[in-house]
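Engineer: Let me see the structure of the following:
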Amino acid sequence: MLQFLRPLIHAIQPFLVPICFVLAWVLLLMIVWSITSAIASTIANAKRMHQIPCSNCAFFTNDHRLKCPVQPKIAMTEKAIGCMDFRQHS
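Structural biologist: Modelled structure (predicted):
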């Protein structure tokens, strides 16, 4: 069985080093791309979450059972970003 594979192995051997070199760089670039996109996604999500005005609202109770008596379903969610009932703490 090994006698049949020997010519195939000798034919492929000159191409193994360049193929492995390219595959290693592709793998490294994919890892860097994945980390970069994860960081960018996290920053975008954090910016969006910082736009939620509920913690600065006069109606915000900071109670996990009822965060907002005026808009309880949208309190502390992205839907609260344009809340019409928002009142700044004085």
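Engineer: S41: which element?
Structural biologist: Using DSSP states H and E, S41 maps to helix 2-49.
Engineer: same deal with L66?
Structural biologist: Applying DSSP H and E, one finds L66 in no helix or strand.
Engineer: was I right about it contacting F60?
Structural biologist: No - look at L66 against F60 with CB atoms under 8 Å: they stay out of range, at 10.3 Å. The way it works is simple: take the backbone N, C-alpha and C, and place the C-beta from them, glycine included.
Engineer: Of those two, which one has the most company?
Structural biologist: It is F60, of L66 and F60, that has more neighbours when counted by other CB atoms under 10 Å, with 20 against 9.
Engineer: Looks like that one contacts I52 (just checking).
Structural biologist: No - the criterion here is CB under 8 Å, and F60 misses it with I52 at 10.5 Å.
Engineer: about what we covered before: could I get the average pLDDT for the helix holding S41?
Structural biologist: Mean per-residue pLDDT for helix 2-49: 93.
Engineer: for it, the distance to its chain's centre please.
Structural biologist: Centroid separation for helix 2-49 versus its chain: 21 Å, with CA atoms, centre = their mean, to the nearest Å.
Engineer: Stretch 49-59 now?
Structural biologist: Relative to the chain's own centre, stretch 49-59 is displaced by 23 Å; criterion: CA atoms, centre = their mean.
Engineer: Distance across it, terminal residue to terminal residue?
Structural biologist: From its first residue to its last, stretch 49-59 covers 19 Å (CA to CA, to the nearest Å).
Engineer: got the contact list for it?
Structural biologist: Outside stretch 49-59, the residues within contact range by CB atoms under 8 Å, 6 or more residues apart in numbering are 60, 62, 67-71, 75-78, 80-81, 83, 85-90.
Engineer: buried stuff in it?
Structural biologist: I52, C54, C57, F59 (16 or more other CB atoms under 10 Å).
Engineer: and the gap between W33 and A40?
Structural biologist: When distance is defined by CB to CB, to the nearest Å, W33 is 11 Å away from A40.
Engineer: Which residues are in contact with R48?
Structural biologist: E78, I81.
Engineer: Begin at 612 from now on, thanks
Structural biologist: OK, 612 is where the count begins now, so the last one is R659.
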